[in-house]
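Peer 1: below are the sequence and a predicted model for it; my questions follow.
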2 protein chains.
Amino acid sequence: MYAVIMAGGVGTRFWPRSRHLRPKQLLSLSGSSSMIRLTIERLKPLLGPERILVVTRADQLSALRAELPEIPDSNILVEPTGKNTAPCIALAAAVLEARGGADEAMLVLPADHLIRREEDFRATVAACENLLAHHDHLITLGVTPHRPETGYGYIRRGSVATCVQGREFHTVERFLEKPDLPTARSLVQDGRHLWNSGMFAWRTSRIVEELRRHIPDLEPGLASLRQAYGTPDWGRTLNSAYQAFPKISIDYGVMERAEDVWVTEVDIGWSDVGSWASLAELRAQDAQGNVLPDDALAIDARDNFVDGRERVVVLLGVQDLIVVDTEDALLVCHRDRAQEVGSIPEQLRRRGRKNLT
Amino acid sequence: MYAVIMAGGVGTRFWPRSRHLRPKQLLSLSGSSSMIRLTIERLKPLLGPERILVVTRADQLSALRAELPEIPDSNILVEPTGKNTAPCIALAAAVLEARGGADEAMLVLPADHLIRREEDFRATVAACENLLAHHDHLITLGVTPHRPETGYGYIRRGSVATCVQGREFHTVERFLEKPDLPTARSLVQDGRHLWNSGMFAWRTSRIVEELRRHIPDLEPGLASLRQAYGTPDWGRTLNSAYQAFPKISIDYGVMERAEDVWVTEVDIGWSDVGSWASLAELRAQDAQGNVLPDDALAIDARDNFVDGRERVVVLLGVQDLIVVDTEDALLVCHRDRAQEVGSIPEQLRRRGRKNLT
């Protein structure tokens, strides 16, 4: 089995901690290690580094190499430009095919998600690999929803299709876009819906076939990439292939249209850590609901989140704030507006402050 | 005439900008100059620096000397310890007496107040000096109240006592402590009440006499100070005098008890700039009621005050906040709690963070 880690995002919702050259997956948001380092370490008991491919962007390459010295250079694939997840997965699949791995299982993971119960995660991955030895299906990991989250897509599962190592795999009835709150409440209550985690497993040959069928615009580029792999033409071919690739997600482009999609339910302490507010929920709160650095002082303040290592932060009489203090920029944001943080870098660029993005 | 500038405070309500060794009067809160520099410059058309006495604390002496190089060293008086305004004024009066200035007029000013209409202020001071050439009264400057402020004391004026240079001086019926809001509203409405600005004018001999009468505990120390002035015993005498001095304000100790107190009304754009919230009211606000540094970015944020020069500040979806960003400490405070900022240094000291106070 190969693991393909998608590491091309920026994570602008973590501004000012995240920057163009210091994307979310390189931040230590939930402890002492970066998100991508945690993702790699989580896989190590299953896979050696030569079996891990990382897809990233040219401008993040050097930071990524420094963070992941054990991953061979040839396993770090560089997208000329971000085109969402379908081209990213297609690129990795083309490379694996060119290397002779068409029949092998391919596990696809985002680089910047959090999983607290790692043993359960690995047991699931092992079961997927076992299943793919016998079944040529598209497997998606669906997370047990513990709250009516409106920030995630949902998967409606059907009947049990098979059982591997004590783990059920269900047919998929439908993929649902991010719902509104009343819809999310009913989805969580009916017990048939799972969060779409963006983690997938399939045989390389099968996803290539599905990409060809559902996103035919990818095929000419992929054919040229298979040809050019390992030759001096690779860079030029990659650039022209990406220019022609459509921007499309694997969910919309393939998963929602394909036959033979199965889902397995996981309850592994997963979070996509989509914003400062969701990070705040993951961290230990004090009796007043605050998440603070050790040396902060909170006076009659509650439900605040402070991320700051630069200086002592004192809160007085405030609530529901997100305060992120970095060397050159300070964010003070209402907790309910954490999603909008993602728009700040663009606004700063328009004001000529690209250096802060 | 001599001016005595009381510059012994810390101004903890301006933490984290104000520190033990960088008190409020040395901060540039309302522009490019420090509060005490503005106070001195405001007097210069009336008085040379040799006529200006500054009373400060030992630990602020070197910073003050650096800020006011034109004031002769002998005009900077150092209190061994802060004992409120009555001992401070008594010390200055004793020094002026010892220098042979008992019959001269003495203007007393806080070092950290703001006056926007300086010409009107100087015209008032000139009228006071003129009056004191003929009348041996205690003059206090009462500010026209433009809002029902609960943070100031009030003075109820009586009938017109005299008129000098077109300026009325009224008898004082009563000094009132800081009122509650309904009381403040009625005080402002009745047209007979003025804000107690803490600015006074009198003959040196008269205030010495009043101090002796109303705060007899001051007298032994003052007698020894008059004796020791200009001798090598000065330092030792000053220390032992201050040990015996009671902690008492000139308002409570003298003004509220003395006969022959007159008040003259001034409308000079005065503020004691008592907190970040009151500073916020003095500064120009944008259309959303924010007071921000030029490079700050406010997104759907209103009625916030940001003081920061260290880094770019971005506000998102917040209101009524005071954000003060310094090199080693950051304050985020609700606007209505600005008075409580004064307690932060003590709380930090208790946590072993004296370096931040």
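Peer 2: Perfect, I can see it now. The model shown is predicted, which means the values in this text are computed figures rather than measured ones.
Peer 1: closest residue of the stretch 101-250 of chain A to chain B?
Peer 2: The stretch 101-250 of chain A approaches chain B most closely through residue A:151 (17.2 Å), counting by C-beta to the nearest C-beta. Yep, even glycine has a C-beta here, placed from its N, CA and C like the rest.
Peer 1: now do the helix or strand of chain A with the lowest mean pLDDT: which elements does it pack against?
Peer 2: Least confident helix or strand, chain A: helix A:276-282 with a mean of 93, by mean pLDDT, DSSP states H and E. Contacts defined by 3 or more C-beta pairs under 8 Å, 6 or more residues apart in numbering or on different chains; DSSP states H and E place helix A:276-282 against strand A:305-308, strand A:321-325.
Peer 1: got phi/psi on the residue nearest to the spatial centre of chain A?
Peer 2: Nearest to the geometric centre of chain A sits residue A:110, at 2.7 Å (C-alpha atoms, centre = their mean). When read as degrees, to the nearest 10, the backbone of residue A:110 gives phi -70, psi 150.
Peer 1: how much space separates it from residue B:4?
Peer 2: Distance, residue A:110 to residue B:4, by C-beta to C-beta, to the nearest Å: 69 Å.
Peer 1: equivalent analysis for residue A:227, please.
Peer 2: Distance, residue A:227 to residue B:4, by C-beta to C-beta: 90 Å.
Peer 1: coming back round to it: could you find the closest non-adjacent residue to the residue of the stretch 101-250 of chain A closest to chain B?
Peer 2: residue A:274 (5.5 Å; C-beta to C-beta, 6 or more residues apart in numbering or on different chains).
Peer 1: tell me which parts of the stretch 251-357 of chain A are close to chain B?
Peer 2: Contacts of the stretch 251-357 of chain A with chain B, taken as C-beta under 8 Å from any C-beta of the partner chain, map to A:295, A:297, A:299-300, A:308, A:311-318, A:321, A:323, A:325-334, A:336-337, A:340-341, A:343-344, A:347-348, A:351, A:353, A:356.
Peer 1: what sits closest to residue A:220 if chain neighbours are left out?
Peer 2: Closest to residue A:220 by C-beta to C-beta, 6+ apart is residue A:244, at 6.8 Å.
Peer 1: what does the pLDDT read for the one you found?
Peer 2: Note on residue A:244: pLDDT of 95.
Peer 1: now for it, how many residues are close by?
Peer 2: 13 (other C-beta atoms under 10 Å in any protein chain shown).
Peer 1: which residues touch it?
Peer 2: A:217, A:220-221 (C-beta atoms under 8 Å, 6 or more residues apart in numbering or on different chains).
Peer 1: ok, and the most crowded of those?
Peer 2: residue A:221 (21 neighbours).
Peer 1: ok, for that residue, nearest residue in space, not its chain neighbours?
Peer 2: Residue nearest to residue A:221 in three dimensions, not counting chain neighbours: residue A:241, with 3.2 Å by C-beta to C-beta, 6+ apart.
Peer 1: picking up where we left off before, more crowded one of residue A:227 and residue B:4?
Peer 2: More neighbours surround residue B:4 than the other of residue A:227 and residue B:4, with 25 against 14 (other C-beta under 10 Å).
Peer 1: helix, strand or coil for the more buried one?
Peer 2: strand (DSSP: H, G, I helix; E, B strand; the rest coil).
Peer 1: report pLDDT for the closest residue to residue A:43 other than its chain neighbours.
Peer 2: Spatial nearest neighbour of residue A:43, chain neighbours left out: residue A:3 (5.4 Å); criterion: C-beta to C-beta, 6+ apart. Looking at residue A:3, its pLDDT reads 98.
Peer 1: list the contacts of residue A:3.
Peer 2: A:43, A:46-47, A:51-53, A:106-109.
Peer 1: next step: those residues restricted to strands.
Peer 2: Judged by DSSP state E, strands contain the following of these: A:52-53, A:106-109.
Peer 1: could I get these as JSON lines with neighbour count, distance to chain B and pLDDT?
Peer 2: Output for the ones in strands among the contacts of residue A:3, formatted as JSON lines (neighbours: other C-beta atoms under 10 Å in any protein chain shown; distance: C-beta to the nearest C-beta, whole Å; pLDDT from 0 to 100):
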{"residue": "A:52", "neighbour count": "24", "distance to chain B": "36", "pLDDT": "98"}
{"residue": "A:53", "neighbour count": "24", "distance to chain B": "36", "pLDDT": "98"}
{"residue": "A:106", "neighbour count": "25", "distance to chain B": "40", "pLDDT": "98"}
{"residue": "A:107", "neighbour count": "24", "distance to chain B": "37", "pLDDT": "98"}
{"residue": "A:108", "neighbour count": "25", "distance to chain B": "33", "pLDDT": "98"}
{"residue": "A:109", "neighbour count": "25", "distance to chain B": "31", "pLDDT": "98"}
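Peer 1: look up how far residue B:165 lies from the residue of the stretch 151-300 of chain A found nearest chain B.
Peer 2: Chain B sits closest to residue A:297 of the stretch 151-300 of chain A, with a gap of 6.3 Å, by C-beta to the nearest C-beta. Residue A:297 is 53 Å from residue B:165, where distance means C-beta to C-beta.
Peer 1: those two - which one has more neighbours?
Peer 2: For residue A:297 and residue B:165, the more surrounded residue by other C-beta under 10 Å is residue A:297, and the numbers stand at 19 against 11.
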